[in-house]
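J.: Everything below, folded, please.
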Amino acid sequence: MSHFLTLDGERIVGVVEADTIPGDGWIQFDGWPGWGARPSPRHAAFLIDSVLVWQDPRTLEQAKADRIADMRVARDAAIEGGFTWNSLPFDSDSTAQLRLVGLAVAAMADPLMEDKPWRLADNTWTTVNSSQALQVYTALGGHIEAMFAQFAAREAAINAATTIEEVEAITWEGT
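T.: Numbers count the residues shown, from 1 in each chain. Predicted structure coming up:
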């Protein structure tokens, strides 16, 4: 069996293993060194001076835009991933946020609101009075603000990056 590949410039766009050349536009490449691990889904294979090289074909600006989009997804997942108030785990998905707004409005309408039962993120129950309901709502707002601040810091770092490698090194969990 031989290896055959087809190129678009230096970019490898197709590879087959066959006994004979598959057709026009294919070249034989014996002694195939192996693909190795693809560094990321965005990397493409290139044949440069008869050597297989993985490269990210995007421009720096494209890489920045892609990474900022990744950070938006991570930010939204973090916002909806829950928060803690008074050592209690609260849900913070879109539905939970609306429910917490309703609880806060009820607390503002009735400052003497008695304990209301509330299902927590770990499926246990607690009760909250008017003051506590407003504290939980404030904690939710703080959680959302913190996620936006983290996003802003990551976006600034991405925009300051001067190479694709620097851009790709920036993650939601850390820089």
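
J.: residue ranges with poor pLDDT in this protein?
T.: The model of the chain has pLDDT under 70 over residues 1, 29-35, 50, 174-175.

J.: Pop the domain breakdown of it in here.
T.: Domains of the chain are assigned by automatic domain parsing as 2-55, 60-169.

J.: could these go into a markdown table alongside mean neighbour count?
T.: No exception for glycine: its C-beta is placed from N, CA and C like everyone else's. Shown next, in a markdown table, are these (neighbours: other C-beta atoms under 10 Å):
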| stretch | mean neighbour count |
| --- | --- |
| domain 2-55 | 12 |
| domain 60-169 | 15 |
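
J.: And the lengthiest helix in the chain, what does it pack against?
T.: Taking DSSP state H as the criterion, the chain has its longest helix at helix 130-160. Counting by 3 or more C-beta pairs under 8 Å, 6 or more residues apart in numbering; DSSP states H and E, the packing neighbours recorded for helix 130-160 are helix 60-79, strand 83-85, strand 88-90, helix 94-109.

J.: for Ser92, helix, strand, or coil?
T.: When classified by DSSP: H, G, I helix; E, B strand; the rest coil, Ser92 comes out as coil.

J.: Tell me who's in contact with it.
T.: Ser92 makes contact with 79-83, 140, 143-144, according to C-beta atoms under 8 Å, 6 or more residues apart in numbering.

J.: Swap in 6 Å and give it another go.
T.: 80, 82-83 (C-beta atoms under 6 Å, 6 or more residues apart in numbering).
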